[in-house]
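Engineer: Sequence first, predicted model second:
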Amino acid sequence: MDPLDFAIYRYLSRGGEARFWGGRRIIDPRITPREIAERVAISESGVRSRLRRLAERGYLRDTFVTPNPSLFGKRAFVADLPVKHPGEVDRILRDLALVEGVVFTRDLMDEDQRKIQVHFLSDSEATAARLGALIGRLSPAGGPAAPRLYYIPPCERELSPLCWRVLESVWRAPDATLAEIAKAAGIALKTAARSYQQLIESHACWWTHGPSSEEFPLAFVGASLRRPQAFDAVMRWVTEEATAWMPVACDGFGVEPERLPNMVAGLVPADAPTVLERFLRGLAGVDGVARVQRTFPLGSTFYPSWFSDKLSAHVQRGP
């Protein structure tokens, strides 16, 4: 993954920032190769060629749509399962498919430990605690998992029956054209375009790279700050010193907004270990940084049945 690949990947989202859901980075389906070309200063055909090559290598192979759990009155939680032996992973992932409310997992290598981050949905913290205890029993490496809230912005509007039909259409065919969406939903093209835009802008759903896409060779780097006032100075150092840096958006998912001033987080290429290590050492030495942590994604698994059942039931109840 060279710097140009990284730059193109970065600008698949507005502002080139990272947000996460469904175990993957969120992308904006409205962004065109022409817009990316203007950002990275190469030709549109060059961007298309790079995107095609990345798809051939297994990256950006397909896209996936995930509805916002708040549409169904749910919140997202995360429980960490420690992994002692790599051979345990496949069995744990199969068992998690049987747990109601589990929607996706991330297989991660942290600073000193491999773990599976289990993302599940619940309507209360008490119910989440019980489900976390159940999930914790699936790992022979540790006791009950202690779930934590995974912040996501709620959907900003109540969906009309028509929007629900469009949402179901894009869920089933994330790469469909507007004309195909309109046909599937049984509505006019202009109506489909308006509803499509509303779904994106209201956070009713998110587009990510699909389950069959390989993970990019990227590391997640997070720096905890000693004081919020250090944020601007640390960010200046990062943008000056990092050869490639994709900041996690200030409304990035997973972290409550009130915690964001106390941390700096972003994605950096992980396929040049020496460069990465030098960057991490430098970041740890910046005034105001209390702790630096890196995480390497090894893969993700999505469990679509929960969303599929809820969507189908809701659309069938509509007029």
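Structural biologist: Now that the structure is in, tell me what you want to look at. Residues are numbered from 1 along each chain as shown.
Engineer: residue ranges for the strands of this protein, please.
Structural biologist: For the chain, applying DSSP state E gives strands covering 20-21, 24-27, 63-67, 75-83, 102-109, 114-122, 148-150, 205-209, 218-225, 246-247, 263-269, 289-302.
Engineer: Serialize those strands to a markdown table and add fields for mean neighbour count, mean pLDDT and distance to R53.
Structural biologist: From N, CA and C alone the C-beta is placed, and that goes for glycine too. Shown next, in a markdown table, are those (neighbours: other C-beta atoms under 10 Å; pLDDT from 0 to 100; distance: least, C-beta to C-beta, whole Å):
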| stretch | mean neighbour count | mean pLDDT | distance to R53 |
| --- | --- | --- | --- |
| strand 20-21 | 22 | 86 | 25 |
| strand 24-27 | 22 | 90 | 17 |
| strand 63-67 | 21 | 91 | 17 |
| strand 75-83 | 22 | 91 | 33 |
| strand 102-109 | 21 | 92 | 26 |
| strand 114-122 | 24 | 92 | 30 |
| strand 148-150 | 17 | 90 | 33 |
| strand 205-209 | 23 | 92 | 15 |
| strand 218-225 | 20 | 92 | 17 |
| strand 246-247 | 21 | 92 | 20 |
| strand 263-269 | 22 | 91 | 17 |
| strand 289-302 | 17 | 91 | 21 |
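Engineer: how about the ones you listed in JSON lines, adding distance to R172?
Structural biologist: What follows is the strands of the chain, written out as JSON lines (distance: least, C-beta to C-beta, whole Å):
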{"stretch": "strand 20-21", "distance to R172": "18"}
{"stretch": "strand 24-27", "distance to R172": "18"}
{"stretch": "strand 63-67", "distance to R172": "9"}
{"stretch": "strand 75-83", "distance to R172": "22"}
{"stretch": "strand 102-109", "distance to R172": "17"}
{"stretch": "strand 114-122", "distance to R172": "20"}
{"stretch": "strand 148-150", "distance to R172": "25"}
{"stretch": "strand 205-209", "distance to R172": "12"}
{"stretch": "strand 218-225", "distance to R172": "29"}
{"stretch": "strand 246-247", "distance to R172": "30"}
{"stretch": "strand 263-269", "distance to R172": "30"}
{"stretch": "strand 289-302", "distance to R172": "15"}
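Engineer: Of those strands, which is nearest G254?
Structural biologist: Closest approach to G254 among the strands of the chain is made by strand 148-150 (5.3 Å; C-beta to C-beta).
Engineer: coming back round to it: now for the strands of the chain, which one comes closest to R281?
Structural biologist: Going by C-beta to C-beta, the one of the strands of the chain nearest R281 is strand 289-302, 8.7 Å.
Engineer: same for the closest one, what does it pack against?
Structural biologist: strand 102-109, strand 218-225, helix 273-284 (3 or more C-beta pairs under 8 Å, 6 or more residues apart in numbering; DSSP states H and E).
Engineer: Would you mind listing where the stretch 1-150 of the chain has pLDDT under the threshold?
Structural biologist: Within the stretch 1-150 of the chain, the stretches with pLDDT under 70 are 141-145.
Engineer: right, so of the strands of the chain, which gets closest to D5?
Structural biologist: strand 263-269 (8.9 Å).
Engineer: Please list the outside residues in contact with that closest one.
Structural biologist: 1, 6, 18, 25, 217-225, 231, 234-235, 238, 242, 244-248, 252, 255, 275-276, 279, 289 (C-beta atoms under 8 Å, 6 or more residues apart in numbering).
Engineer: For the closest residue to R34 other than its chain neighbours, grab the count of nearby residues.
Structural biologist: What sits nearest to R34 in space, not counting adjacent residues and going by C-beta to C-beta, 6 or more residues apart in numbering, is E44, at 4.9 Å. Around E44 there are 14 other residues, counting by other C-beta atoms under 10 Å.
Engineer: got it, and R34?
Structural biologist: There are 11 residues near R34, going by other C-beta under 10 Å.
Engineer: That one and V255, how far apart?
Structural biologist: R34 is 33 Å from V255, where distance means C-beta to C-beta, to the nearest Å.
Engineer: Could you do V89 as well?
Structural biologist: Separation of V89 from V255 (C-beta to C-beta): 26 Å.
Engineer: Distance of the closest residue to V118 other than its chain neighbours relative to R91?
Structural biologist: Nearest non-adjacent residue to V118, counting by C-beta to C-beta, 6+ apart: A79, 4.8 Å away. Relative to R91, A79 is positioned 17 Å away (C-beta to C-beta).
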